[in-house]
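Need coordinates for the following:
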Amino acid sequence: MSRRLNEASLSHLPANVAVPSYDRRGVRPGIVHLGIGAFHRAHQAVYTDDVLALDPGWGIVAASLRSPDTQDALEPQNGLYTVSIRSEAGEKLRVIGSISRVILAPQEPDALLAALIDPHVRIVTLTVTEKGYCHDPATGKLDETHPDIVHDLGHWQNPRSAPGLIVEALRRRRVAGTPPFTVLTCDNLPSNGRTVHRILTRYASLVDPDLGSFVADEVACPSTMVDRIVPATTDEDRARIEKTIGFRDAWPVVTEPFTQWVIEDRFPQGRPAWEKAGAEFVSDVEPYEQMKLRLLNGSHSTLAYLGFLAGYETVSDAMAAPAFERLLVELMDRDVTPTLHMPRGADLARYKKALIERFKNPALKHRTGQIAMDGSQKLPQRLLGTIRDRLRDSAPIGRLALGVAAWMRYVTGIDERGAPIDVRDPMAARLRALADDARGSPERLAEKLFGVREIFGDDLPKDPRFTQAVTRALVQLYRDGARRTVAEFPSE
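Residues are numbered from 1 along each chain as shown. Next up, the predicted model:
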């Protein structure tokens, strides 16, 4: 068995593998990150790695809120891991050193809270996915019936949810006279900073009204927009990287050359000089956030559900079919772009062109099934917001409705060939029960799923323009299949 990547191996890596340009022994944690996964390690941790040579006071302590897998992979490697940047031009490898420690929250809750209340920690970042905020995606408010929130409100000093952990840490810092850290969400939530601030304030007020007022008045939650495609790492990726670097990396991450981070510049306790690594600091993130959520994420989800149903394993496989590329180009140009209001100088045409090229990148092998996960949490911000805006303007919604219909077909748990689909979604059991009750009727299936208020709210199910468009598309998917439906879908 080959040797493991770790601190001692850095000086023995091939010359074409980039390594940290700073002395890791001098790095001090200034950031705690909740929800360490592939995206954080390919995005925020890389930006931070780029600037630690300028200021070593911004190292990262990362926490996994559920699974021990990342801790098990990175702890023997001293937090080091490889980033593989892949394109048709080839592969570039780089070892990232900004993460000094990984804490497994369920087993080490005291260690995580100790890290969160450390006075030197001034920023808490999050990539816990949409479902990690224990909120109602249709309203953006705290879901006070969520099992984790119910648990935390009964055991607020020993929380397990992200909102519970953050608020308990803020409470302890307040008691100790330590200024509150800035909470920086990097997840795809509408108006994500304001949404997280609202969730935290409500949770804190349920613990103690005075604490709620403190969070509302004193805790900064800047909005952000993050953008980088990060497929799941495969055993093939591990083997290829090990062969190149000469050491075994238990969990490298694979990504694309493109990366973007737009951040509202509001950090009362200071921040790293991420702009030196290419981050953009702006006064208003929302236009960029809408651009990314609707153009990239909305298109990605539409392609994922339709592509999966059509039998395409990866995004690039689906994009190789001319009808799928045409559908996405028209979705972006005709349906999404009219709903966006970008600041002067933003080049939407260039962004959309880049998206198509990124989706077609065959080196990434981004699986449609991976993008399809957690659709109940993603649909409201990725597609339904655009649909609401289009309906308000009395504009067509056919392609958007097709994306929603494809999700409905997908969550039945049975594909077009009668094989089971591994639907990974916090509502999977409920959605499957509704699908089973529909007994194969697309009309009944649509009607039952429209009743899931947490997804569709109270307004859309009452609007026949929406319900009829989605039902028509769903009937066509059942009758003709995804490939033929996409090929024959009319250009409006």
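
rest of the way, CA atoms for contacts and neighbours
OK.

mind giving me the domain split of this protein?
Using automatic domain parsing, the domain parsing of the chain gives 7-282, 286-488.

Mind checking the pLDDT average for the helix ranked longest in the chain?
Criterion DSSP state H: the longest helix present in the chain is helix 464-488. Taken as a whole, helix 464-488 carries a mean pLDDT of 98.

got the contact list for the closest residue to residue 341 other than its chain neighbours?
The shortest distance from residue 341 to any non-neighbouring residue, by CA to CA, 6 or more residues apart in numbering, is to residue 287 (6.3 Å). Residue 287 makes contact with 340, 341, 342, 343, according to CA atoms under 8 Å, 6 or more residues apart in numbering.

which of those has the most neighbours?
In terms of neighbours by other CA atoms under 10 Å, those top out with residue 340 at 17 neighbours.

For that residue, grab phi and psi.
phi -100, psi 150 (degrees, to the nearest 10).

again, but for the one 3 residues further on
Reported as degrees, to the nearest 10, the phi and psi values for residue 343 are phi -70, psi 160.

how near is it to residue 371?
29 Å (CA to CA, to the nearest Å).

so the residue nearest to residue 341 sits in a strand?
No. Per DSSP: H, G, I helix; E, B strand; the rest coil, residue 287 lies outside any strand segment and is helix.

Tell me the pLDDT of it.
Residue 287 is given a pLDDT of 94.

how about low-confidence regions in this structure?
1-2, 492 (pLDDT under 70).

how about 50 then?
The model of the chain has pLDDT under 50 over residues 1.

Now do the strands in it.
Assigned by DSSP state E, the strands in the chain fall at 29-34, 59-64, 81-87, 90-96, 99-104, 123-126, 135-136, 141-142, 182-185, 224-227, 253-255, 260-264, 280-282.

ok now the fourth one, how far from the chain's centre?
In terms of CA atoms, centre = their mean, to the nearest Å, the gap separating the centre of strand 90-96 from the centre of its chain is 22 Å.

Convert the C-alpha atoms of that strand to CSV, please.
Extracted in CSV, the C-alpha atoms of strand 90-96 (Å, rounded to 0.1, in the frame of the first residue of the first chain):
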residue,chain,number,x,y,z
GLY,A,90,-6.1,18.2,-18.9
GLU,A,91,-5.7,18.1,-15.1
LYS,A,92,-4.0,20.3,-12.6
LEU,A,93,-3.4,19.2,-9.0
ARG,A,94,-2.9,21.2,-5.9
VAL,A,95,-2.7,20.3,-2.2
ILE,A,96,-4.8,22.6,0.1
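
From residue 488, how far off is residue 335?
From residue 335 across to residue 488, the span is 18 Å (CA to CA).

okay, the two: which has more neighbours?
Ranked by neighbour count (other CA under 10 Å), residue 335 and residue 488 place residue 335 first, with 25 against 11.

Tell me if I'm right that the more buried one and residue 393 touch.
No. Residue 335 lies out of contact with residue 393 (CA atoms under 8 Å); the separation is 11.3 Å.

just to revisit the earlier point, which elements pack onto the longest helix of the chain?
Counting contacts by 3 or more CA pairs under 8 Å, 6 or more residues apart in numbering; DSSP states H and E, helix 464-488 is packed against helix 298-309, helix 322-330, helix 398-410, helix 442-450.

which other residues reach that helix?
306-307, 309-310, 323-324, 327, 391, 397-398, 401-402, 404-406, 408-409, 416, 442-443, 446, 450, 460-461.

Hey, what's the angle from it to helix 442-450? Just curious.
120 degrees (axes from the mean of the first three to the mean of the last three CA atoms, to 10 degrees).

Show me which positions of helix 464-488 end up buried.
465-467, 469-478, 481-483, 485-486 (16 or more other CA atoms under 10 Å).

Give me the nearest residue to residue 136, chain neighbours excluded.
residue 143 (5.4 Å).

And residue 388, by the same measure?
Counting by CA to CA, 6+ apart, the nearest residue to residue 388 once its immediate chain neighbours are dropped is residue 460, at 7.8 Å.

give the contact list for the one you found.
Taking CA under 8 Å, 6+ apart, one finds 388, 466, 467 in contact with residue 460.

just residue 339 next, same as before
386, 389, 390.

if we compare the strands of the chain, which one ends up closest to residue 50?
Of all those, it is strand 90-96 that lies closest to residue 50, at 9.1 Å by CA to CA.

on that earlier part again, of the contacts of residue 339, just say which sits nearest to residue 68.
Nearest to residue 68 among the contacts of residue 339, with distances taken as CA to CA, is residue 386, at 37.2 Å.
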